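Participant: Okay, predicted coordinates and the sequence, questions at the end:
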Amino acid sequence: MPLFPLFADLQLRPVLVVGGGLVAERKVEALLKAGARVTVGAPELGTGLAAALAAGRIAHRAGLFSEAWLETAWLVVAATSDPAINRRVAAAAADRRLFVNVVDDAGLSSFHVPAVIDRAPLAIAISSGGAAPMFARLLRERLEATLDHALGPLAALAARFRQRIRARHAAPAARRAFYERLFNGPVASLLRRGQTALAEAAFEAALADRPAPILGSVVLVGAGPGDPGLLTLKALRALNQADVILHDRLVSREVLELARRDAHRIEVGKEAGRHHTTQAGIHALMLEHAHAGRRVVRLKGGDPFVFGRGGEELEFLREHDIAFEVVPGITAAVACAAYAGVPLTHRDHAQSLRLVTAHCQSSLDTLDWAALAQERQTLAVYMGVGELESLRDRLLAHGRGADTPFALIENGSRAQQRVIVGTLAQLPEQAHRHAVRSPALLILGEVAALATRLHWFGAPPLGVDDLAAHEAMASLPQRTQPSAAAEIRDRMRCRAA
Ligand code: SAH
């Protein structure tokens, strides 16, 4: 049966909800949001509805359903768990020509409640006419993900200036073109950046037909570690709106597949030691496309501000007056830890976390090793696959226990993920034995041992036996290892000499 879609104004209008449980409570909340005066009829109220009654938000008719309850109502909802009562409510409402919704019973309902996407004052309502409510819900989820939250304020702005827009663009075609520019242009982008005053100024400029001050723009987006499910909604929206995507090699194929089909994808990847596009080359590409008025997404693995040169790129854009936004992503340390079952902090094992990069000797030289070697903290080492030996030696030399557990996570969050665990003493040997390749992240610290028990994603960790042997040793009195550390410290001194 085709339905007639309708948005009802319930402001201050009495609405009756029959039923006092959780289902009724959800309907009541939606009705209150629309400003309705809600009376709940039920022998007794659940805790949520009782609280609403105590707060004076609803009225209560105690007892079993009686037709007299319908007297002042504009609309009725039957939400009891008793089908016979629901049927009686529906029949009584029909007698009085009142619209009634019987929850989860399309046949008894004369109006349906749609799935709603709320971008007030905009609202999108979806109905399947009772045929497949689950499809309506799934569609809602999909639209929720693609419609950005700046739409609400944008519509509110348009509403405030409606008369002036009409006066300025009397012809419907011109008005339509104006709204289209509003929808896609700088005003919307400023609202997304939370810059209301500038958005209003840009709006005034658009109304006066002054050329828009901003042409193209760049969104610096964190793509996360690989699993496309770890993208943020904002990242997904940016990918949906992009004209050009400049992405690193580390960004997974699955993530790129979510981008707008006709977006121009350019790989500007960098591999350890082998640079495809220089940083200057990337800057030039951003500038070229932004100047051509395109929406550029600069897509980086993980988070753009964690070992991602995001800062440098933004400084360059600022120098050239290109507008930008930043969308954070889930950084490798956070993602790899989660997908390997390693809590980065733990009340019993680690009170702090350090993110460190170790991609070459000179970067190692600048680190504060005494601080890094402290116990009861977690190190997350990025880009360290090539420097594991030197890393191990320096940590031992500065007193970190040789039996400190590590977890090396290769291709974290991806289908090929591998986790290797062991102890600091064996770190480079273990990595070599299992032929660990980039991208891999090292987590070092007491918490890493938990991977053996808490892993849940992909293949079980490798090297568990080695770690278990050391765990048994760890139950011996503490500090049985300093001799090893002292030995290595001596070795280091010799090397330095
Ligand atoms: N901006 C990125 C880091 C870039 S540096 C972020 O926030 O994650 C590149 C290093 O990140 C790699 O050498 C590796 O150490 C780590 N890395 C990135 N993605 C990874 C993944 N899926 N699995 C393991 N390590 C990863």
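Facilitator: In hand now; what should we look at? Residues are numbered from 1 along each chain as shown.
Participant: Could you measure from the residue of the stretch 351-497 of the chain found nearest the ligand over to residue 440?
Facilitator: Residue nearest to the ligand within the stretch 351-497 of the chain (CB to the nearest ligand atom): residue 412, separated by 3.2 Å. C-beta coordinates here come from the backbone N, C-alpha and C atoms, glycine included. For residue 412, the distance to residue 440 (CB to CB, to the nearest Å) stands at 8 Å.
Participant: Between the two, which has more neighbouring residues?
Facilitator: A direct count of neighbours by other CB atoms under 10 Å for residue 412 and residue 440 places residue 412 higher, at 27 against 23.
Participant: can you count the residues close to residue 414?
Facilitator: For residue 414, using other CB under 10 Å, the count is 19.
Participant: I meant to write residue 183 there.
Facilitator: For residue 183, using other CB under 10 Å, the count is 13.
Participant: That one: which element?
Facilitator: Assigned by DSSP states H and E, residue 183 belongs to helix 172-184.
Participant: Just checking the distance from that helix to the centre of its chain.
Facilitator: Between the centre of helix 172-184 and the centre of its chain there are 31 Å (CA atoms, centre = their mean, to the nearest Å).
Participant: Please apply the same query to stretch 256-265.
Facilitator: With CA atoms, centre = their mean, you get 19 Å for stretch 256-265.
Participant: quick one: pLDDT of the residue nearest to residue 122 when sequence neighbours are not counted?
Facilitator: Nearest residue to residue 122 in three dimensions, chain neighbours excluded: residue 155, at 4.8 Å (CB to CB, 6 or more residues apart in numbering). As predicted, residue 155 sits at a pLDDT of 95.
Participant: Ok, residue 488 next?
Facilitator: Reported pLDDT at residue 488 in the predicted model: 49.
Participant: what does residue 214 give?
Facilitator: Confidence for residue 214, expressed as pLDDT, is 51.
Participant: Can you list the low-confidence ranges for the stretch 201-350 of the chain?
Facilitator: 211-215, 270-276 (pLDDT under 70).
Participant: One more pass at 80, please.
Facilitator: 209-216, 269-276 (pLDDT under 80).
Participant: Find the closest residue to the ligand in it.
Facilitator: Closest to the ligand within the stretch 201-350 of the chain is residue 302: 1.9 Å, counting by CB to the nearest ligand atom.
Participant: now that residue, nearest residue through space, not along the chain?
Facilitator: That would be residue 331: by CB to CB, 6+ apart, it lies 4.4 Å from residue 302.
Participant: residues touching the one you found, list them.
Facilitator: Residues in contact with residue 331 (CB atoms under 8 Å, 6 or more residues apart in numbering) are 222, 225, 302-303, 306, 355.
Participant: quick revisit: residues contacting the helix holding residue 183, please?
Facilitator: Against helix 172-184 from outside (CB under 8 Å, 6+ apart): 154, 158, 165-166, 168-169, 188, 203, 206-207.
Participant: Taking these, tell me the two that lie furthest apart.
Facilitator: Comparing every pair within the contacts of helix 172-184 by CB to CB identifies 166 and 188 as the most remote, at 20.3 Å.
Participant: Who has more neighbours out of those two?
Facilitator: Each of residue 166 and residue 188 has its neighbours counted (other CB under 10 Å); residue 188 has more, 21 against 10.
Participant: For the more buried one, what is the enclosing helix or strand?
Facilitator: helix 186-192.
Participant: How about residue 356?
Facilitator: Judged by DSSP H and E, residue 356 forms part of strand 352-357.
Participant: what about the helices in the stretch 301-450 of the chain?
Facilitator: Under the criterion DSSP state H, counting those that start in this stretch, the stretch 301-450 of the chain contains helices at 310-319, 332-340, 361-365, 369-372, 388-397, 427-433.
Participant: What residues does the most centrally placed residue in the chain make contact with?
Facilitator: The residue lying closest to the centre of the chain (CA atoms, centre = their mean) is residue 232, at 3.0 Å. Residue 232 sits next to 222, 327-329 when contact means CB under 8 Å, 6+ apart.
Participant: Next, count neighbours for the residue nearest to residue 117 when sequence neighbours are not counted.
Facilitator: With sequence-adjacent residues excluded and distances taken as CB to CB, 6+ apart, residue 117 is closest to residue 124, at 4.2 Å. For residue 124, the neighbour count with other CB under 10 Å is 16.
Participant: Please apply the same query to residue 374.
Facilitator: Neighbours of residue 374 using other CB under 10 Å come to 14.
Participant: and if you look at residue 177?
Facilitator: 12.
Participant: quick one: it from residue 445, how far?
Facilitator: From residue 177 to residue 445 the distance is 59 Å (CB to CB).
Participant: And for residue 419?
Facilitator: Separation of residue 419 from residue 445 (CB to CB): 15 Å.
Participant: For this structure, what lies in contact range of the ligand?
Facilitator: With the criterion set to CB under 6 Å from any ligand atom, the chain comes near the ligand through 225-226, 250, 300-303, 306-308, 331-332, 336, 382-383, 409, 411-414, 438-441.
Participant: Mind jotting down where the strands sit in the stretch 101-250 of the chain?
Facilitator: 115-119, 122-126, 217-222, 244-247 (DSSP state E, counting those that start in this stretch).
Participant: Highest mean neighbour count out of those strands?
Facilitator: strand 217-222 (a mean of 26; mean count of other CB atoms under 10 Å).
Participant: helices or strands up against that one?
Facilitator: Applying 3 or more CB pairs under 8 Å, 6 or more residues apart in numbering; DSSP states H and E, one finds that strand 217-222 contacts helix 233-241, helix 279-291, strand 295-300, helix 310-319, strand 323-327.
Participant: hang on, the earlier thing: count of residues packed around the residue of the stretch 201-350 of the chain closest to the ligand?
Facilitator: 30.
Participant: just checking, it touches residue 308?
Facilitator: Yes: look at residue 302 against residue 308 with CB atoms under 8 Å: they come within range, at 6.7 Å.
Participant: Mind listing the shared neighbours of those two?
Facilitator: Common neighbours of residue 302 and residue 308 (CB under 8 Å, 6+ apart) are residue 222.
Participant: Just the buried positions in the helix holding residue 183, please.
Facilitator: 178, 182 (16 or more other CB atoms under 10 Å).
Participant: Starting from the ligand, give me the distance back to the residue nearest to residue 122.
Facilitator: Between residue 155 and the ligand the computed distance is 35 Å (CB to the nearest ligand atom, to the nearest Å).
Participant: thinking that residue is in contact with residue 119, fair?
Facilitator: Yes: Residue 155 is within contact range of residue 119, at 7.2 Å (criterion: CB under 8 Å).
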